[in-house]
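Asks: Generate coordinates for the sequence data below:
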Amino acid sequence: MKLAHKELIDLLKKAYSAEKAAAFAYQGHAGSVKDKAEKIAIKQIEDDEWNHRKEVLHIMQQYNIPVSKYYEFRFHVIGKVISGSCYVIGWFMPFYFAGRLESGNVCEYFRMMQYFHEIGIVEHNQMLYDMGIKEKEHEIYFLGKIKNKRLLPFLRSCFHGRK
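Replies: Predicted coordinates for the structure are as follows:
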């Protein structure tokens, strides 16, 4: 079956490649933290991202959607740059931006579900819901690590004026 939903197709392609970027970023993030429990937690989140990538690919293959070479290259570079930067920007920024990134991923999976509903497909509901909830857990973990830090209000005001 071929999908006739341009936005959904693009979102699937982007999500597939962005999961690789996130996994790469978490490799650097886990490597840069000193606390063993944090390393283990971040490694589990990396594993979740690789699993999400596999699940999105499964959906793409079901509808003969090719992987985007452009997104693969773009997000590969982004992930590697973020991964390397974790070793030089300190511990706070990776936690802050990981939390923000995961927040966007929650919406991404629920938006996919909505797009599938627009074309009458509901068979992916549970998988997409589960991935969205897992991303929410990631968001809560990362932002929970910095919720009482003095730098948080400043960063929130710099990015989208959030408090």
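
Asks: Please make it C-alpha for all contacts and neighbour counts, starting now.
Replies: Noted.

Asks: so is Val67 in a helix, a strand, or just coil?
Replies: At Val67 the chain is in coil, as set by DSSP: H, G, I helix; E, B strand; the rest coil.

Asks: That one touches Lys13, doesn't it?
Replies: Yes. Val67 is within contact range of Lys13, at 6.0 Å (criterion: Cα atoms under 8 Å).

Asks: After the helix or strand containing Tyr109, which helix or strand is next?
Replies: Element membership for Tyr109, per DSSP states H and E: helix 92-118. Toward the C-terminal end, the helix or strand that comes next after helix 92-118 (DSSP H and E) is helix 125-146.

Asks: other SSEs contacting that following helix?
Replies: Applying 3 or more Cα pairs under 8 Å, 6 or more residues apart in numbering; DSSP states H and E, we find helix 125-146 packed against helix 36-62, helix 92-118.

Asks: The first one - what's its average pLDDT?
Replies: Over the span of helix 36-62, the pLDDT mean works out to 96.

Asks: Give the other helices and strands that that helix contacts.
Replies: Secondary-structure packing of helix 36-62 (3+ Cα pairs under 8 Å, 6+ apart): helix 6-32, helix 125-146.

Asks: same check, this time on the last one
Replies: Applying 3+ Cα pairs under 8 Å, 6+ apart, we find helix 92-118 packed against helix 6-32, helix 125-146.

Asks: so which of those helices is the most packed in?
Replies: Mean neighbours per residue, mean count of other Cα atoms under 10 Å, is largest over the helices and strands packed on helix 92-118 for helix 6-32, with a mean of 21.

Asks: tell me the mean pLDDT for that helix?
Replies: On average, helix 6-32 scores 94.

Asks: go on, stretch 94-114?
Replies: 84.

Asks: Other residues contacting it?
Replies: 8, 11-12, 15, 29, 86, 122, 124-125, 128-129, 131-133, 135-136, 138-143, 145-146, 152 (Cα atoms under 8 Å, 6 or more residues apart in numbering).

Asks: Quick check: Pro66 touching Met60?
Replies: Yes. Under the criterion of Cα under 8 Å, Pro66 makes contact with Met60 at 7.1 Å.

Asks: Give the intersection of the neighbour lists for those two.
Replies: Residues touching both Pro66 and Met60 (Cα under 8 Å, 6+ apart) are Lys13.
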